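>>> Quick check, what structure comes out for this input:
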Amino acid sequence: HQGDTSGFLRTIPDESIQLVVTSPPYNIGKQYETRQAIETYLEQQNRIIDDLVRALSPRGSICWQVGNYVEEGEVFPLDIFFYHQFKQRGLKLRNRIIWHFQHGLHASKRLSGRYETILWFTKTDTYTFNLDPIRVPSKYPGKRHFKGPNKGLPSGNPLGKNPSDVWEFVAQEWDKQLWDIPNVKSNHPEKTIHPCQFPIELVERCVLALTAEDDWVLDPYCGVGSSLVAAAMHQRRAAGCDKEAEYIEVARERLNDYFSGQLKRR
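Here you go, the predicted model:
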């Protein structure tokens with residue numbers, strides 16, 4: 001859907017969405033003094049968050065992916081600001097996931113930024129979480145207990161291990177353990193016209209862990225449709241909205257490319 005996000009969200013029935021996964025825009029702008037700008041921005045997001053919580057299933061999750069807003073060398077960690085917005089509505093933070101990548105903005109007067117965060121909230125204590133589909137290979141897959149009643153038996157899960165709350169590219173012998181998810185830059189096969197596009201692979205992990213087939217996945221700032229494609233790839237139903245008509249057109253093209261087997265992806 002292309003158009004007003006609030007208007008679109010009001011059409012979604014109560015408690016019908018299993019997973020909200022999105023990266024809200026945070027081009028806060030310089031028309032206000034910075035602190036006021038962030039407060040104004042959060043107030044605007046408040047109205048959206050109210051509708052998302054209303055539409056979220058009792059077993060559902062919200063994955064809210066943000067980076068840091070930087071102005072004149074000062075960093076404003078948006079996930080810390082957003083945490084309170086969700087907490088006030090009774091949601092509980094299950095993980096603060098760090099997505100680390102090798103390529104980002106360089107800096108000379110501070111350390112270069114190389115991560116963004118995903119806040120995973122649940123609406124209740126009875127929530128969907130599927131660990132097995134997102135396990136990663138164990139470092140020592142054949143390791144066995146060397147003493148005790150389980151001596152000689154495998155000491156780890158044969159499907160692999162818990163991927164942890166850090167998703168990153170790491171070098172050398174550890175590169176099979178953690179999730180190597182590069183950000184989408186100019187040479188990435190998924191790159192489109194969107195300036196802040198996140199990779200399909202990132203959303204896939206959330207979809208597999210937090211939903212079942214035929215569940216609804218919603219991205220209220222869907223951009224060029226990475227979340228929608230990730231949901232469709234795993235037999236989930238998807239809805240999305242963006243105010244930019246050209247992004248929605250690209251999203252439709254990418255969905256059509258996926259269903260026809262022509263989608264470019266990593």
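
>>> switch to C-alpha atoms for all contacts and neighbour counts from now on
OK.

>>> Just the CA atoms from the longest strand belonging to the chain would do, formatted as CSV, please.
Secondary structure of the chain read by DSSP state E shows that its longest strand is strand 56-66. What follows is strand 56-66, C-alpha atoms only, in CSV (Å, rounded to 0.1, in the frame of the first residue of the first chain):
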residue,chain,number,x,y,z
LEU,A,56,-0.4,-7.3,17.3
SER,A,57,-1.5,-10.9,18.2
PRO,A,58,-1.2,-11.8,21.9
ARG,A,59,1.5,-14.4,20.8
GLY,A,60,3.1,-11.8,18.5
SER,A,61,6.4,-9.9,18.4
ILE,A,62,7.7,-6.6,17.2
CYS,A,63,11.2,-6.3,15.8
TRP,A,64,12.2,-2.7,15.7
GLN,A,65,15.5,-2.1,13.9
VAL,A,66,17.2,1.3,14.3
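
>>> wait, Phe198 sits on Ser226?
Yes. The criterion here is CA atoms under 8 Å, and Phe198 meets it with Ser226 at 7.0 Å.

>>> and Thr5, how far is that from Gly148?
58 Å (CA to CA, to the nearest Å).

>>> Neighbour count: those two, which is higher?
More crowded of Thr5 and Gly148, by other CA atoms under 10 Å: Thr5, with 16 against 7.

>>> what's the more buried one in contact with, if anything?
With contacts defined as CA atoms under 8 Å, 6 or more residues apart in numbering, Thr5 is in contact with Ile48, Pro220, Tyr221, Cys241, Asp242, Lys243.

>>> where in this protein is pLDDT low?
The chain contains residues with pLDDT under 70 at 27-36, 103-105, 141-145, 152, 154-156, 168-197, 266.

>>> Recalculate using a threshold of 50.
30, 32, 169-179, 184, 186, 188-190, 193-195 (pLDDT under 50).

>>> now the helices: where do they sit in it?
Here the chain has its helices, by DSSP state H, at 5-9, 34-55, 78-87, 200-210, 226-233, 245-259.

>>> Show me how far the shortest one is from its chain's centre.
When you say that, I think you mean helix 5-9. Centroid displacement of helix 5-9 relative to its chain, using CA atoms, centre = their mean, to the nearest Å, is 20 Å.

>>> before we move on, what about the second one?
For helix 34-55, the distance from its own C-alpha centre to the chain's C-alpha centre is 18 Å (CA atoms, centre = their mean).

>>> next one: stretch 70-81
Here stretch 70-81 is found 19 Å from its chain centre; the criterion is CA atoms, centre = their mean.
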